[in-house]
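A.B. asks: Structure for this input, please:
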Amino acid sequence: MSPRISHLLETSLYVDDLERSKAFYYRIFGLDVMLEDERMIGMELPGSSVLLLFARGGSARPSQVPGGMIPPHDASGTQHLCLAIPIASLQDWERHLMVNGVVIESRVTQSHGGMSLYFRDPDQHSLEIATPGLWPNY
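C.D. replies: Sure, this is the predicted structure:
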């Protein structure tokens, strides 16, 4: 049996324009920047998690930091990110997205009773906000 995992700490999206993406994630989700350099931006997510926005190709080589070396990584294509929301805020989210010019691509009633709204970020990544009932554990 493997040792226990506490929670997901970081997740990454690879973007073409860091400033554009930073502005989008701040405007739509209210995420604050915790770290920023020429290759990436770390934004604070609720629950002690972090969204890392990497400049596409900017981390394809190892990154030397004061404490060691971060191995290279990168991604291409359309990625996916889902954020949890309380069911009571679903209509508020629909209005917020509309007011901010974000088109809801799809609304899905999930098999466990949750509701999901799907939309795109400026890099066309598939974003989802979901109420409880998406998964058996949420």
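A.B. asks: And Tyr138, how far from Pro86?
C.D. replies: According to Cβ to Cβ, to the nearest Å, Tyr138 and Pro86 sit 12 Å apart. Backbone N, C-alpha and C define where each C-beta goes, glycine included.
A.B. asks: in this protein, which spans are helices?
C.D. replies: Using DSSP state H, the helices of the chain run over residues 18-29, 90-99.
A.B. asks: Any chance of a markdown table for the ones you listed, columns distance to His80?
C.D. replies: Formatted as a markdown table, the helices of the chain follow (distance: least, Cβ to Cβ, whole Å):
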| stretch | distance to His80 |
| --- | --- |
| helix 18-29 | 15 |
| helix 90-99 | 17 |
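A.B. asks: Not counting its neighbours along the chain, what's nearest Leu45?
C.D. replies: Spatially, and ignoring its direct neighbours in sequence, Leu45 is nearest to Leu51 (5.4 Å; Cβ to Cβ, 6 or more residues apart in numbering).
A.B. asks: Surely that neighbour and Met40 touch.
C.D. replies: No: applying Cβ atoms under 8 Å, one finds Leu51 not in contact with Met40, separated by 10.5 Å.
A.B. asks: related to what we said a few turns ago, next up, the contacts around the residue nearest to Leu45.
C.D. replies: 10-13, 25, 31, 42-43, 45, 81 (Cβ atoms under 8 Å, 6 or more residues apart in numbering).
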